[in-house]
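Q: this one's structure only:
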């Protein structure tokens, strides 16, 4: 996680994190970003680190992908997982370099041509054309296995072991953009994040909504990406996942969590009770660090206290009047509470 104050590389003093509007050239374009850099408190020299360079570059990449229709890493991974293939096998079938697909999933920027090639492969009928052209390269045994799966997808058969993504019917937006933290909403991941915050005690939905918000926006503040892919909207009770009742009803109908309603003590509310064990493998180490940081920071906050704290965020204050969706890009870097 990015530190606000670090040791200066120029002397025995400290250096402080700064942010300012900046412009970044990339592939004949120029993009406006929130530039991250450190300033030495003693010498006033400016410098960056590998972590800051990554945040700055991710902001550029996100805008470039949107402008030229290049898929985001989540989308690239989702397309491969759809066909049950390794990254190297996917590269072979699409005619890419041996490690290209793996690197694209990790965030490396494809050329415009390769990006659109990958998007075309999302259509199983188009993918099967690539598969047929690669028949001799991948071998008959692999070809038959992949072709069989491909034809099942074309026929509309339900398949196991494919990640579950939120259906478009409960999303306000169909695209990966600044309102989703440049992620695809993954239902399993959202469910297990809820499970993470529900394991030790009953977490009321009002508080849970804020914990999800702070996880996603803190992750964006430190990387340029959210975690869950959820949209957030400013409402009376603070920032909340957009259409969260529909999302929670969908989760309640599954086998991971059960929603419980409680009217005791003069308070009417609900919380989730885990039915299975939290799966840490769904998250990378950075995401786990973010979740633990949010949990530790707000562990003793009541639902009312965290709601009032969220009202101090510009993300809520500048969007509440019209109950607008909250842009990660515009408000992620200005997060105050954490």
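A: Perfect, thanks for sending it. In this text the structure is predicted, and so the values were computed from the model without any measurement. Numbers count the residues shown, from 1 in each chain.

Q: Give the buried residues for the helix or strand where residue 270 lies.
A: Following DSSP states H and E, the helix or strand that holds residue 270 is strand 269-274. Under the neighbour-count criterion of 16 or more other CB atoms under 10 Å, strand 269-274 has 269, 270, 271, 272, 274 buried. In short, each C-beta sits where N, CA and C put it, glycine included.

Q: Just give the closest residue to the second one, not the sequence neighbours.
A: Using CB to CB, 6 or more residues apart in numbering and skipping the chain neighbours, the partner closest in space to residue 270 is residue 261 (4.7 Å).

Q: next one: the third one
A: Spatially, and ignoring its direct neighbours in sequence, residue 271 is nearest to residue 202 (4.3 Å; CB to CB, 6+ apart).

Q: Give me the local confidence score for that neighbour.
A: Looking at residue 202, its pLDDT is 75.

Q: So what's the residue count around it?
A: Using other CB atoms under 10 Å, residue 202 is surrounded by 14 other residues.

Q: Next, find the distance separating the closest residue to residue 297 other than its chain neighbours from residue 305.
A: Spatial nearest neighbour of residue 297, excluding adjacent residues (CB to CB, 6+ apart): residue 338 at 5.2 Å. Going from residue 338 to residue 305 by CB to CB, to the nearest Å gives 14 Å.

Q: How about residue 145?
A: The value you get for residue 145 to residue 305, if CB to CB is used, is 55 Å.

Q: What number of residues are in the vicinity of residue 61?
A: For residue 61, using other CB under 10 Å, the count is 21.

Q: Name the nearest residue to it, ignoring sequence neighbours.
A: Nearest one to residue 61, counting by CB to CB, 6+ apart, is residue 109 at 5.6 Å.

Q: and if you look at residue 220?
A: Residue 220 sits nearest to residue 332 (CB to CB, 6+ apart), 3.6 Å away.

Q: Quick one: neighbours of that neighbour, just the number.
A: Neighbours around residue 332, by other CB under 10 Å: 24.

Q: how about low-confidence regions in the stretch 201-338 of the chain?
A: Per-residue confidence of the stretch 201-338 of the chain (counting by pLDDT under 70) places the weak regions at 264-268.

Q: Quick check: residue 18 is in a strand.
A: Yes. Per DSSP: H, G, I helix; E, B strand; the rest coil, residue 18 lies within a strand segment.

Q: Could you list everything it pairs with in the sheet?
A: residue 37 (DSSP bridges).

Q: how close does it get to residue 39?
A: Residue 18 is 5 Å from residue 39, by CB to CB.

Q: neighbour count winner among those two?
A: The neighbour comparison of residue 18 against residue 39 (other CB under 10 Å) goes to residue 39, with 16 against 13.

Q: tell me which element the more buried one falls in.
A: For residue 39, the element it lies in under DSSP H and E is strand 29-40.

Q: Give the rounded mean pLDDT of that strand.
A: 97.

Q: Packing partners of that strand?
A: Helices and strands touching strand 29-40, by 3 or more CB pairs under 8 Å, 6 or more residues apart in numbering; DSSP states H and E, are strand 14-26, strand 46-47, helix 50-68.

Q: which other residues reach it?
A: 2, 6, 8-11, 13-24, 45-49, 52, 55-56, 59-60, 63-64, 67, 333 (CB atoms under 8 Å, 6 or more residues apart in numbering).

Q: Out of the residues you listed, which end up buried?
A: Buried, going by 16+ other CB under 10 Å: 8, 15, 24, 49, 52, 55, 56, 59, 60, 63, 64, 333, out of these.

Q: Using JSON lines, lay out the residues you listed together with distance to residue 237.
A: Below are those laid out as JSON lines (distance: CB to CB, whole Å):
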{"residue": "8", "distance to residue 237": "43"}
{"residue": "15", "distance to residue 237": "39"}
{"residue": "24", "distance to residue 237": "37"}
{"residue": "49", "distance to residue 237": "38"}
{"residue": "52", "distance to residue 237": "34"}
{"residue": "55", "distance to residue 237": "30"}
{"residue": "56", "distance to residue 237": "34"}
{"residue": "59", "distance to residue 237": "30"}
{"residue": "60", "distance to residue 237": "35"}
{"residue": "63", "distance to residue 237": "32"}
{"residue": "64", "distance to residue 237": "36"}
{"residue": "333", "distance to residue 237": "24"}
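
Q: What is the most widely separated pair among those?
A: 8 and 64 (32.8 Å; CB to CB).

Q: confidence score at residue 159?
A: On the pLDDT scale, residue 159 gets 60.

Q: Now do the strands in the stretch 201-338 of the chain.
A: 232-235, 238-241, 257-262, 269-274 (DSSP state E, counting those that start in this stretch).
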